[in-house]
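# What would the 3D arrangement of this be:
(2 chains)
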Amino acid sequence: MSTDTTAAPGRADAPEGVEDAPPFRYSAALAGEIERRWQDRWEQEGTFHTPNPSGPWADPEALGGAKFYLLDMFPYPSGAGLHVGHPLGFIGTDVLGRYLRMNGRTVLHAMGFDAFGLPAEQYAVQTGTHPRTTTEENIGRYKAQLRRLGLAHDERRSVATTDVEFYRWTQWIFLQIFNSWYDEKRQKARPVVELEAEFAQDKRRTPDGRGWCELTGAEQRAVIDSYRLAYISEAPVNWCPGLGTVLANEEVTADGRSERGNFPVFRRNLKQWMMRITAYADRLVADLDRLDWPDSVKSMQRNWIGRSEGAQVRFPVVGVDAPIEVFTTRPDTLFGATYMVLAPEHPLVDAITPEQWPAGVDERWTGGAATPAGAVAEYRLAASRKSELDRQENKEKTGVFTGAFATNPVNGGQIPVFVADYVLMGYGTGAIMAVPAQDQRDWDFATSFGLPIVRTVQPSEGWDGEAFTGEGPAVNSANDEVSLNGLGVAEAKRAIIDWLAARGHGESVVQYKLRDWLFSRQRYWGEPFPIVWDEDGPVALSERELPVELPEIEDYSPKTYDPDDADTEPEPPLSRAADWVRYDAGHARETNTMPQWAGSCWYYLRYLDPENHERFVDPEVERYWLGRDESRPGDPGGVDLYVGGVEHAVLHLLYARFWHKVLFDLGHVSSEEPFRRLFNQGYIQAFAYTDARGTYVQAEEVVEDEDGRFTWNGQPVRREYGKMGKSLKNVVTPDEMCERYGADTFRLYEMSTGPMDVSRPWSTRDVVGSQRFLQRVWRNLVDERTGAVRVTDAEPDADTLRALNRAVAGVHDDYAALHYNTAAAKLIELNNHLTKVYGGTGVPRSVAEPLVLMMAPLTPHVAEELWARLGHDGTLAYGPFPVADERYLVAETVEYPIQVNGKVRSRVSVPADAGTDDVQAAALADEKVVAALAGKEPRKLIVVPGRLVNVVV
RNA sequence: GCCCCCGUAGGCCAACCGGCAGAGCCCGCGGAUUCAAAAUCCGUCCAGUGUGGGUUCGAAUCCCACCGGGGGCACCA
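Below is the predicted model of the structure:
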């Protein structure tokens, strides 16, 4: 994709001008030759094959050091190939993996592909090419691009979600979920056969109270089906006509459009597969505390799950059987509830609406309608016509009176019931008690409808706002039996909940924003469900019938529609494969497919044991790589380090945690969480330039003049900063960088530009710095004209030993902390020292060897090459990594800066083992200090050992 | 509107628990090499840490406010 760009200066293959370069200079051409050779050798020798405790790769002997499971987020192999931003994280994990391996750790590092998905399918729709063909081509290209970077993956463990042998196990996991229910009492998933047994033995009551045997077979099935963790529901879902599929809540943006394609999304009642992730809401929140994850991601997950504690309170309505149930997080403000609101879709609205307006009704409340029913109908119609966006942009409160009054259980007050769309059916009970004094939304509504406002929390001194949501003592909150007055918010909540519960008016409950996960899609290129249908519902296939393979079909497209046409029906492409759909005389296959997230929910388990055809992963292998570490209290187990972008904070990471917990509950894995430690890498960003018409111009042809203005072909252009992308004409590819500088230089450059978690701009111009460093190292060890090794057997001098050991000590910490930029700086510093001292004579072997070993994680190819040239036969991939000699870490003398009143005025050198008194004496004897004191006694004298002296006068 | 993160030389970034603002790379400048250039090599310039206050003997580091940038959430009762 970048082959058509103009040739850049200094290309390795440029025939002109490089003829007089020394023949053994570390040029891009030489680097390329070295890199190809070592990549071949690693592959031939299986250098990075990682043993398992059992199974085909069992080698318990080889599992010497502590294990480390290192994981990159599952890439999608797009048709566009990689740009230089993509491998940033992959290189970062590779550096760590290589470092750990050299230090004796047993490292598992593999790379696979999340290969189902829309782009291959859309390409198939356009061209008729089977998505598998496109997918396999793309995977092939990705693998070639990644191989060129010298990543130390165990290539035997590579999987793709589209492999039949992989999706067979995805289907198997689906069956486990389908065949399970959530036991609230034990707080875990259990097989549905155990649920059936409980019903059959009358240990559990049926929904309508009849005995289990009195139910028909179909009724029994319906009861069991309603408990399953994967179930069919006819409920409002996100229907996207433009894509022709339904979407999960997580795939819909805040303004009601599809994350992919940006098409409008409508709420429609449709029969779809759901996953009961809400059963795990509590554990998904609670276990975040046991994970070593960035706070931002934890808070996004907490936010998304939206756990809130509160109370459910029942408000009786005169003349109606069913009370209105509300959820509130502020039951302490119940005495201040002056009206109620139902969501427009609330099922009780029709039941409570009387025939006539009550006498003397406020005309603001009626919406101008003659009857309550008329007003409600009109309001509902208007509300249903508003899009999500309208509702958000227009925050003015609207609503209409139902004509009904409810009774406030705490004081018997008759309060009016409204319908208003600021209350959402999808959250809580779809009804609220409105407390305008303590809720700004209610305040806004109350003021525009002339409703009373009663303060029940005393606002703080000097409060001049409207609704007061802060902490304060309760007021106006007492009846004959209970008084909250004077209590703080938390105490008042407890007191009123106790009272409500004792009277049967309510109880404390926990609400979640999290909804169940919509799990079916109307697509071709996804995993088929291992499900067939009879007239009573879905039936699971047996494990022996797996895999259920995708049938060949003529037309891969789902039926798509006018993106704005909400009144359309999804039609999955598989429904047109008539022969395949017909399973037998009484059964038809499920024609939806699974969403793309399915495969990425468990791929990290398959890397562990990809050749296992009996199980999705062998339990012993799983326990070895992911098991809980008993030495760490509360450790949930899981991958030791998971590196990827923050964009998966909610979707993938939440779904994968959910599946993992189900598998844990059912005893299939020993770990409670999939990813023990998560690290969000930064992004590589890039500048893009537009001309006067706003069209993007080729970024690498833009030049900057001395005044800092940017021009392209002489025309001024505007610079913007952001993503790298084909349409922005600023893509730089790793292949291009390997070509021009070599993979090692490219790796080193990416790792040098900042710590792993920081985003930074790409700058091709800067890459040369990394290449120069490698050239200098090479030149220090290899004669550029003859290719002979230049190291000597001389003893290094004391300065050099100190420089070396300082570098060794520092580099250990930097690698372990993922601060590769500072590790690289220390290596450069050491090499600069060697150049200065030994540039003319050759570097002592005892310094050259550790330098090469320390470089190996960052620049493995050139390090292997130098290691071999230094006379070693085998690979350095397994170390040993140098260890610092403490003796050389302490200097003989220490130079103390002497501050006078916090400003550095002088310096003194003292022996490193000098005591505080000696340092103090040396400082006071210094002539500049004597001058500053001018005969006076210092007021205070601070000596920080090893650091400095501060004299206060 | 609410919450989180980040502001250090021209650019990218260092600075452990508060202790000399600088490790490294690029750019710029000067020089060596060259017929010249590229490449390479050597040398060198550059900020007082977004702004204002506070704590401290001492603040890039801790606290408060503001400004700027990035991200998340957004009628969730």
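
# can I see the domain layout of chain A?
The domain map for chain A lists A:308-511, A:686-731, A:739-887, A:892-952, with the assignment taken from automatic domain parsing.

# In a markdown table, list these along with distance to A:Ala248, mean neighbour count and mean pLDDT.
Using the backbone N, CA and C atoms, a C-beta is placed for each residue, glycine as well. Formatted as a markdown table, those follow (distance: least, C-beta to C-beta, whole Å; neighbours: other C-beta atoms under 10 Å; pLDDT from 0 to 100):
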| stretch | distance to A:Ala248 | mean neighbour count | mean pLDDT |
| --- | --- | --- | --- |
| domain A:308-511 | 14 | 18 | 88 |
| domain A:686-731 | 25 | 14 | 81 |
| domain A:739-887 | 28 | 19 | 93 |
| domain A:892-952 | 56 | 14 | 77 |
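
# Give me the three-state assignment for the residue sitting furthest away from the middle of chain A.
Centroid-distance maximum for chain A: A:Gly935 at 64.7 Å, with C-alpha atoms, centre = their mean. Put simply, A:Gly935 is coil when judged by DSSP: H, G, I helix; E, B strand; the rest coil.

# Would you mind pulling the contact partners of the helix or strand A:Asp813 falls within?
Assigned by DSSP states H and E, A:Asp813 falls within helix A:798-816. Residues outside helix A:798-816 that contact it (C-beta atoms under 8 Å, 6 or more residues apart in numbering): A:95-96, A:99, A:796, A:819-820, A:822-823, A:826-827, A:829-830, A:833-834, A:837-838, A:844, A:847, A:850-851, A:854, A:857, A:881-885, A:887-889, A:891.

# Output those of those also counted as contacts of RNA strand B.
A:819, A:822, A:826, A:829 (C-beta under 7 Å from any atom of the strand).

# Next SSE downstream of the helix or strand containing the third one?
A:Lys826 is part of helix A:820-838 when elements are defined by DSSP H and E. Under the assignment DSSP H and E, the closest C-terminal helix or strand after helix A:820-838 is helix A:845-855.

# Now do the SS call for the residue in chain A that RNA strand B sits nearest to.
In chain A, the residue found nearest to RNA strand B is A:Gly769; the distance is 2.1 Å by C-beta to the nearest atom of the strand. Counting by three-state DSSP, the backbone at A:Gly769 sits in helix.

# In this structure it contacts A:Thr753, no?
No: proximity of A:Gly769 to A:Thr753 does not meet the contact threshold set by C-beta atoms under 8 Å, at 10.0 Å.

# what touches both of these two?
With C-beta under 8 Å, 6+ apart, A:Gly769 and A:Thr753 have no common neighbours.

# Spell out which parts of the stretch 501-650 of chain A neighbour RNA strand B.
Within the stretch 501-650 of chain A, the positions adjacent to RNA strand B are A:511, A:513, A:646, A:650 by C-beta under 7 Å from any atom of the strand.

# Most neighbours out of the residues you listed, which is it?
Highest neighbour count within those: A:Gln511, with 18 neighbours (other C-beta atoms under 10 Å).

# Dihedrals phi and psi, A:Ala124?
phi -60, psi -40 (degrees, to the nearest 10).

# re earlier: please list the outside residues in contact with the helix holding A:Lys826.
Contacts for helix A:820-838 (C-beta under 8 Å, 6+ apart): A:92, A:95, A:748, A:751-756, A:770, A:773, A:776-777, A:780, A:792, A:797, A:799-800, A:803-804, A:806-807, A:810-811, A:814-815, A:843-844, A:847-848, A:851, A:854-855, A:858.

# Just want the angle from it to helix A:798-816.
Counting by axes from the mean of the first three to the mean of the last three C-alpha atoms, to 10 degrees, helix A:820-838 points 160 degrees away from the direction of helix A:798-816.

# got the angle for helix A:820-838 vs helix A:845-855?
Calculated by the same axes, to 10 degrees, helix A:820-838 forms an angle of 160 degrees with helix A:845-855.

# export helix A:820-838 as PDB, just CAs?
Provided in PDB are the C-alpha atoms of helix A:820-838 (Å, rounded to 0.1, in the frame of the first residue of the first chain):
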ATOM      1  CA  TYR A 820      12.200   0.800  27.100                       C
ATOM      2  CA  ASN A 821      13.000   4.300  26.200                       C
ATOM      3  CA  THR A 822      15.200   4.700  29.200                       C
ATOM      4  CA  ALA A 823      16.700   1.300  28.800                       C
ATOM      5  CA  ALA A 824      17.700   2.300  25.200                       C
ATOM      6  CA  ALA A 825      19.100   5.500  26.500                       C
ATOM      7  CA  LYS A 826      21.300   3.700  29.000                       C
ATOM      8  CA  LEU A 827      22.600   1.400  26.300                       C
ATOM      9  CA  ILE A 828      23.400   4.300  24.100                       C
ATOM     10  CA  GLU A 829      25.200   6.000  27.000                       C
ATOM     11  CA  LEU A 830      27.300   2.900  27.700                       C
ATOM     12  CA  ASN A 831      28.200   2.600  24.000                       C
ATOM     13  CA  ASN A 832      29.100   6.300  23.800                       C
ATOM     14  CA  HIS A 833      31.400   5.700  26.700                       C
ATOM     15  CA  LEU A 834      33.000   2.700  24.900                       C
ATOM     16  CA  THR A 835      33.400   4.700  21.800                       C
ATOM     17  CA  LYS A 836      35.300   7.400  23.600                       C
ATOM     18  CA  VAL A 837      37.600   5.000  25.500                       C
ATOM     19  CA  TYR A 838      38.000   2.100  23.200                       C
END
